[in-house]
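# please find the sequence and the predicted model below.
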Amino acid sequence: MTALSQAQCEACRADAPKVSDEELAELIKEIPDWNIEVRDGHMELERVFLFRTFKHALAFSNAVGAIAEEVGHHPALLTEWGKVTVTWWSHEMKGLHRNDFIMAARTDVVASNAEGRK
Ligand SMILES: C[C@H](O)[C@H](O)[C@H]1CNC2=NC(N)=NC(=O)C2=N1
């Protein structure tokens, strides 16, 4: 996996390249549990994770927040009772960058180590 740092968050620049249709078709295979949603005219990657309690859900949201801070690239995190909806897109460039797929894959790793999954 690409070693990303805050300084390398090219997806956070408005002129960074969006993934092409061909790249998208390949990258989405790596994260089969994620859905593509179109909002405000751009694509986003989204997945719902279920937990036994709100506390478990909140701990997961915090863990995803921590990997986001490491690279300076941030998701939308909707924390509810027993449920977290994670959405990745590159807001500066209004679309999907390769970084969003990398972060979705990292989110899956965080989820596989998370306590209280349902
Ligand atoms: C200044 C700062 O680096 C930028 O606003 C970053 C922060 N995190 C970000 N996260 C995401 N997902 N997209 C961005 O465009 C983005 N921009």
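Yep, that arrived.

# other residues contacting the longest helix along the chain?
Longest helix in the chain, counting residues (DSSP state H): helix 54-71. The contact list for helix 54-71, computed with Cβ atoms under 8 Å, 6 or more residues apart in numbering, reads 4-6, 8-9, 49, 51, 74-75, 77, 79-84, 86, 99, 103, 106-107, 110-111, 114-117. (Glycine included, C-beta is placed from N, CA and C.)

# just stretch 9-20 next, same as before
By Cβ under 8 Å, 6+ apart, the residues outside stretch 9-20 that reach it are 27, 71-73, 90, 92-93, 95-101.

# restricted to buried residues, select the residues you listed in PyMOL.
Selection of buried members from the contacts of stretch 9-20 for PyMOL, criterion 16 or more other Cβ atoms under 10 Å:
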select buried, resi 27+71+73+90+92+93+95+96+97+98+99+100+101
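
# of the contacts of stretch 9-20, which is the nearest to the ligand?
Set against the ligand, the nearest of the contacts of stretch 9-20 by Cβ to the nearest ligand atom is residue 92 (3.1 Å).

# can you list the buried residues in the longest strand anywhere in the chain?
Looking across the chain with DSSP state E, the single longest strand is strand 42-50. Using 16+ other Cβ under 10 Å as the test for burial, strand 42-50 gives 43-47, 49.

# for those, give me TSV that also has distance to the ligand and pLDDT.
As requested, the buried residues of strand 42-50 are exported to TSV (distance: Cβ to the nearest ligand atom, whole Å; pLDDT from 0 to 100):
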residue	distance to the ligand	pLDDT
43	13	98
44	10	98
45	10	98
46	13	98
47	15	98
49	18	98
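
# perfect, that will be all.
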